[in-house]
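S.K.: have a look; sequence and predicted model below, questions after that.
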Amino acid sequence: MAPSLRTGANRVTEAAVAPPGASMAPADPCAPCGLCCHAYLVPVTGLDVWRISRGLGAKPTDFLAAWPQGDPSPEGFILQHGGSPFRLVLQKRGSLTPGLPCVFLAPAGAGTSRCGIYAHRPETCRTYPMVKRPAGVVVHPEAMCPADAWPDGGSPSSHWLPAIDLLESDLQTYRGVVATWNQQVCGDRSGARSLEEFCQFVLDSYDAVRPDGRLPAEAD
Ligand code: SF4
Ligand code: SF4
């Protein structure tokens, strides 16, 4: 059975998804599949929030939800002093339930689907199902892809490595943003904050990181 949230020993390299219907190679195994866009809750980083919100002109709370974290992690944000941490995840269509389609998964005819925000998709969607190992990039041993999806291990490391490296790098930035937020919330006992306030804090933080509004190099 698939885990409900892509967490584990190394969240970075277990990160999610791929672009159903958006061919990157002559034979794109994701086009007829889309399994991972249904099965998982997809965690996002601050850069993902910034990229999707600014790219689509959408409010973060229109496509994000706060998922209660089982175990604390550096990405866990709180909404009130002494509160339990949450993780930011993409919304599902209908309700926030693993197994339902991602809010951005769009039908593409003939029973297929595609990512409706391919250019802006989260970093975790850009790296799944690949993981970085000393010997190079390989398919994660627990990936849910059909057995014959990646017969040659996917595409060369040169394709996947920049995406994995960007995800690792942005996790560091995002953890700093979350830590600053949590410190502020811990020091303020006046009441609970909202998810919208947290998302705005993330957007403002990333606007400050990238004052020219320029996106970092895309790792496609
Ligand atoms: S489960 Fe694997 S093959 Fe299917 S869409 Fe996701 S990455 Fe592609
Ligand atoms: S953002 Fe796109 S690639 Fe990622 S889970 Fe949603 S539909 Fe799939």
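M.R.: Happy to help now that I have it. Ligands and ions are numbered 1, 2, ... in the order given.

S.K.: contacts only, for residue 65.
M.R.: Residues in contact with residue 65 (Cβ atoms under 8 Å, 6 or more residues apart in numbering) are 88-91, 96, 195. The way it works is simple: take the backbone N, C-alpha and C, and place the C-beta from them, glycine included.

S.K.: please report how far the residue lying closest to residue 209 once chain neighbours are set aside lies from residue 50.
M.R.: In space, not counting the residues next to it along the chain, residue 209 is nearest to residue 173; the distance is 6.7 Å by Cβ to Cβ, 6 or more residues apart in numbering. Separation of residue 173 from residue 50 (Cβ to Cβ, to the nearest Å) stands at 10 Å.

S.K.: between those two, which one's more packed in?
M.R.: Neighbours per residue (other Cβ atoms under 10 Å) separate residue 173 from residue 50, with residue 50 holding more: 26 against 15.

S.K.: for that one, helix, strand, or coil?
M.R.: Using DSSP: H, G, I helix; E, B strand; the rest coil, the secondary structure recorded for residue 50 is helix.

S.K.: ditto for residue 176
M.R.: Judged by three-state DSSP, the three-state class of residue 176 is helix.

S.K.: next, count neighbours for it.
M.R.: Using other Cβ under 10 Å as the criterion, residue 176 is surrounded by 14 other residues.

S.K.: equivalent analysis for residue 158, please.
M.R.: The number of residues packed near residue 158 is 8, by other Cβ under 10 Å.

S.K.: what pLDDT does it get?
M.R.: At residue 158, the predicted lDDT confidence score is 73.

S.K.: for the residue most central in space within the chain, give its distance to residue 126.
M.R.: Averaging the C-alpha coordinates of the chain gives a centre point, and the residue nearest to it by Cα atoms, centre = their mean is residue 44 (3.4 Å). Computed with Cβ to Cβ, the distance linking residue 44 and residue 126 is 12 Å.

S.K.: check contacts around the residue nearest to residue 209.
M.R.: Residues in contact with residue 173, defined by Cβ under 8 Å, 6+ apart, are 45-47, 209.

S.K.: looking at these, which one is closest to residue 180?
M.R.: residue 46 (11.1 Å; Cβ to Cβ).

S.K.: with adjacent residues omitted, what lies nearest to the closest one?
M.R.: Using Cβ to Cβ, 6+ apart and skipping the chain neighbours, the partner closest in space to residue 46 is residue 174 (4.0 Å).

S.K.: just for the protein, where's the confidence low?
M.R.: Residues of the chain meeting the criterion pLDDT under 70: 1-27, 153-156, 210-220.

S.K.: and with 50 instead?
M.R.: Counting by pLDDT under 50, the chain shows low-confidence ranges at 1-26, 217-220.

S.K.: could I get the full set of strands for it?
M.R.: Listed in chain order, the strands found in the chain under DSSP state E are 64-68, 86-90, 105-109, 112-115, 130-133, 136-139.
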